[in-house]
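*Asks:* one predicted model, sequence on top.
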2 protein chains.
Amino acid sequence: MPHRFSKLASGTMDSFIMSLVDVAARPGMISFSTGLPDNSLFDVEGLAAASAEVLREMRGDALQYDSATGYVPLRKRIAARCRKELGFDAGYEDVIMTNGSQECFDLLARMFLDPGDCMAVENPGYLGAIQSFSAYGPELLGVDVGPEGVDTGMLSEAVGSGAKLFYSIPNHQNPSGNSYSERVRSEVAGIVRGSGCLLIEDDAYGELGYSGRAGRTMKSMAPEDTVLTGSFSKTIAPGMRIGWMVVPEWMRAQAGKSLEAMSLQSGTLCQKIVDRFLEEHDYDLYLGRLRRAYSEKKDFFLDAMEDELPDCMGWNDPKGGMFVWLTSPAGSDAMRIFDAALERKLVVMPGKPFHVRGGGNTLRLNFATPSEDQIRVGMKALGDACRDVLGKRGDASRALLPPPL
Amino acid sequence: MPHRFSKLASGTMDSFIMSLVDVAARPGMISFSTGLPDNSLFDVEGLAAASAEVLREMRGDALQYDSATGYVPLRKRIAARCRKELGFDAGYEDVIMTNGSQECFDLLARMFLDPGDCMAVENPGYLGAIQSFSAYGPELLGVDVGPEGVDTGMLSEAVGSGAKLFYSIPNHQNPSGNSYSERVRSEVAGIVRGSGCLLIEDDAYGELGYSGRAGRTMKSMAPEDTVLTGSFSKTIAPGMRIGWMVVPEWMRAQAGKSLEAMSLQSGTLCQKIVDRFLEEHDYDLYLGRLRRAYSEKKDFFLDAMEDELPDCMGWNDPKGGMFVWLTSPAGSDAMRIFDAALERKLVVMPGKPFHVRGGGNTLRLNFATPSEDQIRVGMKALGDACRDVLGKRGDASRALLPPPL
């Protein structure tokens, strides 16, 4: 093979997540591993009706090319929601539609990272986004995330040493399920404001807080230095691939130009269908149903953990989103729990790949996708896997553990 | 503004095409300028029925995440068409679905171009793709294209001097409307075979030959050194953003990994809808209707050119696709014709932006989008614009011109 891949290509990380998607799809497997939403909650009828109406009324126009930055009525709707729910002012020109929010991360990395630049990422942080950034070869500065959010001292240091971007999920983080406190939010906004470091505020789970939004957006506190990214993938339908980013005015033209070079434009038929769906449904009522369903699923899942897992394991009680974060005793190897669970036909997600450093004793569990039956059976398998790996040291040692991350 | 754009971003060309989309959308404007298909030819009912069925039968699964490289049944269908119509063997694993074929170009540039590399592009060549490649900062080597296709002597030289990629539209090229002869096709395949230069064979218009395909695919002659890109944007619906590339086996894993970092996956709901549509309709019958419609439109357009344009203008008679290529006398400035037409509320596309060098006396006209009435009115405006700019020198000089490119 005489063709040589570029440095950019060779630097692209393998995705451990996507390899697990294939494993999880094997017959008889139960999965707590992926980030898939519960597809029984999608409003299939509502979207089918919206699709039929859009095609009947707009005819060929529904299928034609559209503006590179997306369908204007949907962008207006998103801008209005930013003003009403997210606490900052935005016009539709600031909203740029993308092929899922993953395309935002690639677009932002491309727009801001030169080889040798550094950027700050959460530790642990969302692997899919970090994979996207890594392709551009930056030095990654991991900033620890705990139950109150990011360590602002470490962030301050990273920004001081020249980080050009900071990628953050302040609400019901993937993977840890934790959210930033109000104090952390305003400190982060203060750190990035005017610093030359651009904050990427990923709001993928922001609408899935069980008792409303987990806190104010940092975009509202540092609007010129923040890009907020959003998506309908966790709420309406991942397969429609509708993501967006809300950019400061100074970034608009460059973002449009770079997007065009990357993919010309994202799918406007689906944008038109979702716009119609949102015109005909009360989105807050819709989200309320989702939040209740996920909250109940989470409670059921945590009860099963309480029943089945040995006392040496620790976990948090997330206030939104789809993930719970599990820790085994300090010094133990959660990858061995992953292997032992796999033998029992349960796929879980080791926490280590989400880390720039550490995290060897952590696991991410998705409670949104499995059914109650699968949770029951799967949790029993997970409990057995933990006992297999941790042996007798298990049951007495919980009190000695640090609080779960 | 303290944030600094990357070199990659700063190198991204402005798109003259997209700026014309906005101009062409002004009220009262007639446009021969864009690359839009005729949206009255889309099968709106067929797609609406397919959409309803997919959602009714697959329910939430239709809306969920899917494989990163796309919906397998559609990929199988495309692979089967490669075997049956395009003359080469392919399995579904070789077919990678993208967000329009534009994403293929970005993906391939990213996979193969390091800064300082050079690549060969057609002169004139498709601006949108060249914009995509340019973002990675390669040196562009322009290889002239004439009525028989690319100048294979120049291509051979470019490959000899280390071009890593050659981007080619062998069928009904955008912008010139010309196709490669059989001789040129086999020479190109011979040049790239084993050379270390990867051929990107863009087949966007391949299915729109008025009397069938214009020639054999080069992918069939140099399968290990060619990526063939395809799209339903010119045939079924641009707004669904369904593109793909057929890659050699050695490229599969890297292509999947790079695609995932870029956009995770493209829209699988629309892929499912189109797959259903193709299950229920005879695609060749469907394409036959499109080809007849475009062929008749082209004849009507050329008749109007004959009636309205001064004798000093020259043009070709394309055998497929959506474009005719217009030349004004050597030394004249077609940008002035563009300006004069704009004053008369007609938007045409200057040929110069499609060129690495030369082309100042060329224009690209799209005959697919305008209605017959618009063609009549618009061509009169274009004739007047030509006479405005070229004045008296016009009517006697045609015989002195070189043949149209």
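*Replies:* Noted; the coordinates are in hand.
*Asks:* what are the boundaries of the strands in the stretch 101-250 of chain A?
*Replies:* Under the criterion DSSP state E, counting those that start in this stretch, the stretch 101-250 of chain A contains strands at A:118-123, A:139-146, A:149-150, A:165-168, A:198-202, A:226-231, A:242-246.
*Asks:* now the angle from the first one to strand A:198-202?
*Replies:* What that stands for is strand A:118-123. Angle, strand A:118-123 to strand A:198-202, by axes from the mean of the first three to the mean of the last three CA atoms, to 10 degrees: 30 degrees.
*Asks:* can you check the second one too?
*Replies:* Note on geometry: by the same axes, to 10 degrees, strand A:139-146 and strand A:198-202 are set 50 degrees apart in direction.
*Asks:* partner strands of strand A:139-146, with direction?
*Replies:* Using DSSP bridges, the strands paired with strand A:139-146 are strand A:118-123 (parallel), strand A:149-150 (antiparallel).
*Asks:* for the first one, give the mean pLDDT please.
*Replies:* In other words, strand A:118-123. Strand A:118-123 shows an average pLDDT of 98 in the prediction.
*Asks:* give the contact list for residue A:234.
*Replies:* A:37, A:204-205, A:207-208, A:322 (CB atoms under 8 Å, 6 or more residues apart in numbering or on different chains). Where C-beta positions appear, they are placed from N, C-alpha and C, glycine not excepted.
*Asks:* contact residues of the stretch 201-350 of chain A facing chain B?
*Replies:* By the rule CB under 8 Å from any CB of the partner chain, the part of the stretch 201-350 of chain A lying against chain B is A:224-225, A:233, A:236-241, A:250-251, A:254, A:257-258, A:260-270, A:272.
*Asks:* so which of the residues you listed belong to helices?
*Replies:* Judged by DSSP state H, these include A:254, A:257-258, A:260-263, A:268-270, A:272 as members of helices.
*Asks:* and those as JSON lines, adding neighbour count and distance to residue B:338?
*Replies:* Listed next are these as JSON lines, based on neighbours: other CB atoms under 10 Å in any protein chain shown; distance: CB to CB, whole Å:
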{"residue": "A:254", "neighbour count": "18", "distance to residue B:338": "26"}
{"residue": "A:257", "neighbour count": "20", "distance to residue B:338": "22"}
{"residue": "A:258", "neighbour count": "22", "distance to residue B:338": "26"}
{"residue": "A:260", "neighbour count": "23", "distance to residue B:338": "21"}
{"residue": "A:261", "neighbour count": "29", "distance to residue B:338": "23"}
{"residue": "A:262", "neighbour count": "29", "distance to residue B:338": "28"}
{"residue": "A:263", "neighbour count": "30", "distance to residue B:338": "28"}
{"residue": "A:268", "neighbour count": "27", "distance to residue B:338": "28"}
{"residue": "A:269", "neighbour count": "28", "distance to residue B:338": "32"}
{"residue": "A:270", "neighbour count": "28", "distance to residue B:338": "35"}
{"residue": "A:272", "neighbour count": "25", "distance to residue B:338": "32"}
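*Asks:* and which of the residues you listed is nearest residue A:74?
*Replies:* residue A:272 (7.5 Å; CB to CB).
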